[in-house]
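Engineer: no sequence on this one, just coordinates:
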């Protein structure tokens, strides 16, 4: 079965370190998204991609970057981790048609703690 | 611009009682609306969605929602709550390019 996976599931790091969170999907979806989930804010969009070599900033992109070198993967990098980036991170993907009514499929999440 | 407001961050119901979770949206274009459920330590799972056509949408686990354009609402209901319904519920609106805008979520507690 097709799926979307994230690794690691839990990560503790120190302020100032670079951290990369992996996202891999086997749906063959063109669209991929990264969100962070914080109490009282729901899910907020960090970055998204509509295909290989395409990346776009979302609502809360400061301090984060992504790259898309193939269809399956969209790694999220925190350039210099800050305590404000302690959160749960979700990756999602949607079909290659890119219609506004398409469902997004979510990964299981990565819980990141920055000390 | 699109946005979603979920009224009530916490809702408690008795087992067997009606579940009503409220969602109002703002959209400058005809909206596509979604309800997702999140169980503890898991990702989000689609409950149901409205794109076009029938305004009463049925989803999984006995949930349904009605799109009311005049009220800009998309409330989620279930006639009889079950213990397994305890979870976090998110309403979302989709825009061009399939970008989602989520509400802040409603935590549902089911009391035995």
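Structural biologist: Happy to help now that I have it. No experiment lies behind these values; they were computed from the predicted model shown.
Engineer: contacts, neighbours, all on C-alpha from now
Structural biologist: Will do.
Engineer: Bridge partners for the residue most central in space within chain A, pull those for me.
Structural biologist: Residue closest to the mean C-alpha point of chain A, counted by C-alpha atoms, centre = their mean, is residue A:34 at 2.7 Å. With DSSP bridges applied, residue A:34 shows beta-bridge pairing to residue A:47, residue A:91.
Engineer: how much space between it and residue B:4?
Structural biologist: 19 Å (C-alpha to C-alpha, to the nearest Å).
Engineer: Can you tell me, leaving aside adjacent residues, what's nearest to the residue of chain B most remote from its centre?
Structural biologist: For chain B, the residue at maximal distance from the C-alpha centroid (C-alpha atoms, centre = their mean) is residue B:112, at 22.7 Å. In space, not counting the residues next to it along the chain, residue B:112 is nearest to residue B:15; the distance is 5.3 Å by C-alpha to C-alpha, 6 or more residues apart in numbering or on different chains.
Engineer: The residue nearest to the centre of chain A and residue A:43 touch, don't they?
Structural biologist: No. Contact criterion C-alpha atoms under 8 Å: residue A:34 and residue A:43 do not qualify, at 9.5 Å.
Engineer: ok, the residue farthest from the centre of chain B touching residue B:81?
Structural biologist: No. Between residue B:112 and residue B:81 there is no contact under C-alpha under 8 Å: 9.9 Å.
Engineer: And residue B:81, how far from residue B:74?
Structural biologist: Counting by C-alpha to C-alpha, the gap from residue B:81 to residue B:74 is 19 Å.
Engineer: Those two: who's more crowded?
Structural biologist: residue B:74 (30 against 24; other C-alpha atoms under 10 Å in any protein chain shown).
Engineer: can you pull the contacts of that one?
Structural biologist: B:22, B:23, B:24, B:25, B:33, B:65, B:66, B:67, B:68 (C-alpha atoms under 8 Å, 6 or more residues apart in numbering or on different chains).
Engineer: For the residue nearest to the third one when sequence neighbours are not counted, give me phi and psi.
Structural biologist: The one in question is residue B:24. Nearest non-adjacent residue to residue B:24, counting by C-alpha to C-alpha, 6+ apart: residue B:73, 4.3 Å away. Backbone geometry at residue B:73, expressed as degrees, to the nearest 10, gives phi -130, psi 160.
Engineer: partners of residue B:73 in the sheet?
Structural biologist: With DSSP bridges as the rule, residue B:73 is bridged to residue B:24, residue B:68.
Engineer: same question, residue B:10
Structural biologist: residue B:107.
Engineer: Help me confirm that it comes into contact with residue B:106.
Structural biologist: Yes. Between residue B:10 and residue B:106 there is a contact at 5.4 Å, judged by C-alpha under 8 Å.
Engineer: Between residue B:112 and residue B:81, which contacts overlap?
Structural biologist: With C-alpha under 8 Å, 6+ apart, residue B:112 and residue B:81 have common neighbours B:14, B:15.
Engineer: ok, residues contacting stretch B:32-50?
Structural biologist: Contacts for stretch B:32-50 (C-alpha under 8 Å, 6+ apart): A:90, A:100-101, A:103, A:105-109, B:51-52, B:57-61, B:63-65, B:67, B:74, B:76, B:86-95.
Engineer: where are the low-confidence patches of chain B?
Structural biologist: B:97 (pLDDT under 70).
Engineer: Give me every residue in it lying close to chain A.
Structural biologist: B:32-33, B:41-46, B:50-51, B:90, B:94-99, B:101-105 (C-alpha under 8 Å from any C-alpha of the partner chain).
Engineer: Many thanks, we can stop here.
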